[in-house]
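**Student:** Predicted structure and sequence below. I'll ask about it afterward.
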There are 2 protein chains.
Amino acid sequence: MTVETIPVSRDLQSERRAAAEAWRQELTARGILCVNLISSPGAGKTSLLQATARHWSAGIPGSNPGPRMAVLVGDIATDRDAQRLAPLVPVRQLTTGGACHLELPLVKTGFQQLTSRELENAQFLFVENVGNLVCPASHDLGEHLRVVVLSVTEGDDKPGKYPKAFRTSDACVINKIDLLPYVPFSMEAVTADAHLVKGDLPVFPVSAFQGDGVAEWCQFLQQQRALRCCRP
Amino acid sequence: MTVETIPVSRDLQSERRAAAEAWRQELTARGILCVNLISSPGAGKTSLLQATARHWSAGIPGSNPGPRMAVLVGDIATDRDAQRLAPLVPVRQLTTGGACHLELPLVKTGFQQLTSRELENAQFLFVENVGNLVCPASHDLGEHLRVVVLSVTEGDDKPGKYPKAFRTSDACVINKIDLLPYVPFSMEAVTADAHLVKGDLPVFPVSAFQGDGVAEWCQFLQQQRALRCCRP
C-alpha cells in the first residue's frame, strides 16, 4: 500500500485571520470602531444597543448630536432585533439560516448594504452576534473590541463555565442589574470569577432597561475609539 | 488531469442515527426514560433538576420514595453543576473541553460510570446539555424526550428566533415565572410563538426556585415514562 499526502484544503485559519485583520484595518482607516457583542440568547444585546443609541442621540439640546453608529444584527431566523433597532439607528439584519455564529463574509455583505448616507461620519459599527455564549468566541469578525454581555439572571457562575467567551473579550457588560434584588447573584463573585479567566477584564454593570451604567459604558466606547481609531 | 472519487468518509449521519436509536432501545428495555434538557446558559436546567429531585424525594411521609433518577450534566468547563446536584441524586459531570454540545459517546461513557447501585431501579436519566440554544438541537443523544427550557428573563420572542430547539423538542418548560412581575414577558405571546414553530408543543410554566409548576412537570414525566418505557 502506498501512502500519499493529498492537499485537500488550504490553510483556512490563516486565510481567515488575514481577512479579519485586513477588514479591521479598513475600518480603522475610516475611523470606525467595530464592536462584536456576544452573549447567551436574551442577555440583552439588542436592549443595550437601544440604550446606547438613545444615550448618544439624547445629547444636550442645541449641541452637536452624539457619535453616529450603525448596527448589523445576527440571528438564525426572523428580523425581530432589526425591527427593534430600526427606529433608532441604521441597521441591517444578518440571517444565518441555522448557523450558530456570524462569520466575516456575511458581516461584510451586511456592511456593504448600508448606504453611504447611513455611514456618513459613522464612528461605531456594532455587530450583534447570534445569541450563543460558545461558538461566536471562536470567530474573529474584524472587530476592534469584543464585548461579552452577561445578565444577572443567568447566574454569577458563568465566566468559569464559558471561559473562552470571557478570555477572548475586551470588556464585559453585566446587564439587568435592576433585577439584582430578585435573583441570587453577587457582583463581587461574578467579577472575581471573570478575573480568574482574564485578570484585567473591565466589567460594566448596566441596566439597559432603566439606564443605569449606560453613560459609563458609552464613555468607555468613546475612549476605546480614541485609542484604536486614528481619525479624530 | 484525471478525476478520481476518493471515499474519505463513511455515512456518519446514518451511523449516528442508528447508534442513538440502539441506545434509546437499550434504555427503554431497562425501563429508563431519558430526558435531554437544552437551553441557553443560565435558563435554570440545573435548578429544574434540583426541584425535580426534591419533589420526588419529598413524597408522602411513610410512603414509598418517588421515582429514582440519575443525571449526566454537560459543561464546557468546571464541575459546578454536578456539585450542586450531588447532594440530591447520582450525577456525573461530562466536560466537553470546548465543544458546544454533547454527543452520544460521551453520554454513554458517563452512564457507564454510574454504579449499578446508583442505577438500581432507575426510572429517569436526565442529560443536562451544554448551555446553548442552537447546536444541541442538532444532536440525538438517544433520549426519549427532548425538553427545551426557556426562562422568562430571556424574552418571549425566543421560539421564533431559535426555531430548531423548539421544533425538535417534545415539551417546553418556561422557567423563572417568579420573575414575571419584573420583566416584559407574556406567557400568551411565548406560547403562541412556540406553537407557530410546533403546533402541539406542551408548555409548562415553572418556578424551579419557588416550586410552582414542579408537580405538573413531574406528573408529565411520569406519564411519558408510562407511555414510552415498557417496564411498569
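**Tutor:** Arrived safely, thanks for sending.

**Student:** near chain B, which residues of chain A show up?
**Tutor:** Counting by Cβ under 8 Å from any Cβ of the partner chain, the residues of chain A close to chain B are A:6, A:8, A:40-43, A:75-78, A:80, A:98, A:100, A:130-135, A:151, A:153-155, A:157-158, A:160-164, A:176, A:178-179, A:182-183. In short, each C-beta sits where N, CA and C put it, glycine included.

**Student:** Enumerate every residue touching the spatially most central residue of chain A.
**Tutor:** Closest to where the C-alpha atoms of chain A average out (Cα atoms, centre = their mean) is A:Leu37, at 1.8 Å. Counting by Cβ atoms under 8 Å, 6 or more residues apart in numbering or on different chains, A:Leu37 touches A:45, A:48-49, A:126-129, A:147, A:149.

**Student:** rewinding a little: filter the residues of chain A next to chain B down to the buried ones.
**Tutor:** Among the residues of chain A next to chain B, the ones that count as buried by 16 or more other Cβ atoms under 10 Å in any protein chain shown are A:40-43, A:75-78, A:80, A:100, A:130-135, A:151, A:153-155, A:157-158, A:160-164, A:176, A:178-179, A:182-183.

**Student:** In helices only, show me those residues.
**Tutor:** Among these, the ones falling in helices (DSSP state H) are A:80, A:158, A:160-161, A:163-164.

**Student:** Check those and tell me the two furthest apart.
**Tutor:** Farthest-apart pair in these is A:Arg80 and A:Gly160; separation 31.3 Å (Cβ to Cβ).

**Student:** burial of the nearest residue to A:Pro90 once chain neighbours are set aside, as a residue count?
**Tutor:** Nearest residue to A:Pro90 in three dimensions, chain neighbours excluded: A:Glu118, at 3.7 Å (Cβ to Cβ, 6 or more residues apart in numbering or on different chains). Residues lying near A:Glu118 (other Cβ atoms under 10 Å in any protein chain shown) number 14.

**Student:** For A:Glu118, what is the enclosing helix or strand?
**Tutor:** In this structure, A:Glu118 sits in neither a helix nor a strand according to DSSP states H and E.

**Student:** Starting from chain B, give me the distance back to it.
**Tutor:** 25 Å (Cβ to the nearest Cβ, to the nearest Å).

**Student:** ok, now A:Cys172?
**Tutor:** Taking Cβ to the nearest Cβ, one finds A:Cys172 at 14 Å from chain B.

**Student:** For my notes, confirm that residue occurs in a strand.
**Tutor:** Yes: counting by DSSP: H, G, I helix; E, B strand; the rest coil, A:Cys172 is located in a strand.

**Student:** Do I have it right that it meets A:Val206?
**Tutor:** No: if you go by Cβ atoms under 8 Å, A:Cys172 and A:Val206 don't touch, sitting 10.3 Å apart.

**Student:** A:Gln222: what secondary structure?
**Tutor:** The three-state assignment at A:Gln222 reads helix, by three-state DSSP.

**Student:** Distance of it relative to A:Lys164?
**Tutor:** Distance, A:Gln222 to A:Lys164, by Cβ to Cβ, to the nearest Å: 28 Å.

**Student:** all helices of chain A, in order?
**Tutor:** A:12-29, A:45-58, A:80-85, A:104-113, A:158-161, A:163-167, A:187-197, A:214-228.

**Student:** Mean neighbour count, those helices: which tops it?
**Tutor:** helix A:158-161 (a mean of 24; mean count of other Cβ atoms under 10 Å in any protein chain shown).

**Student:** helices or strands up against it?
**Tutor:** Counting contacts by 3 or more Cβ pairs under 8 Å, 6 or more residues apart in numbering or on different chains; DSSP states H and E, helix A:158-161 packs against helix A:187-197.

**Student:** pLDDT on the helix it packs on, on average?
**Tutor:** Across helix A:187-197, pLDDT averages out at 98.

**Student:** cool, and stretch A:84-101?
**Tutor:** 96.

**Student:** Buried residues, that stretch. List them.
**Tutor:** Quick answer for stretch A:84-101 (16+ other Cβ under 10 Å): A:84-85, A:88-96, A:100-101.

**Student:** Check the residues you listed and tell me the two furthest apart.
**Tutor:** Across these (Cβ to Cβ), the longest gap, 27.1 Å, separates A:Leu88 and A:Cys100.

**Student:** circling back to that earlier point, for the helices of chain A, give me JSON lines that also has distance to B:Ala215.
**Tutor:** Below are the helices of chain A laid out as JSON lines (distance: least, Cβ to Cβ, whole Å):
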{"stretch": "helix A:12-29", "distance to B:Ala215": "51"}
{"stretch": "helix A:45-58", "distance to B:Ala215": "34"}
{"stretch": "helix A:80-85", "distance to B:Ala215": "34"}
{"stretch": "helix A:104-113", "distance to B:Ala215": "46"}
{"stretch": "helix A:158-161", "distance to B:Ala215": "29"}
{"stretch": "helix A:163-167", "distance to B:Ala215": "36"}
{"stretch": "helix A:187-197", "distance to B:Ala215": "32"}
{"stretch": "helix A:214-228", "distance to B:Ala215": "42"}
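
**Student:** Fine by me, thanks again.
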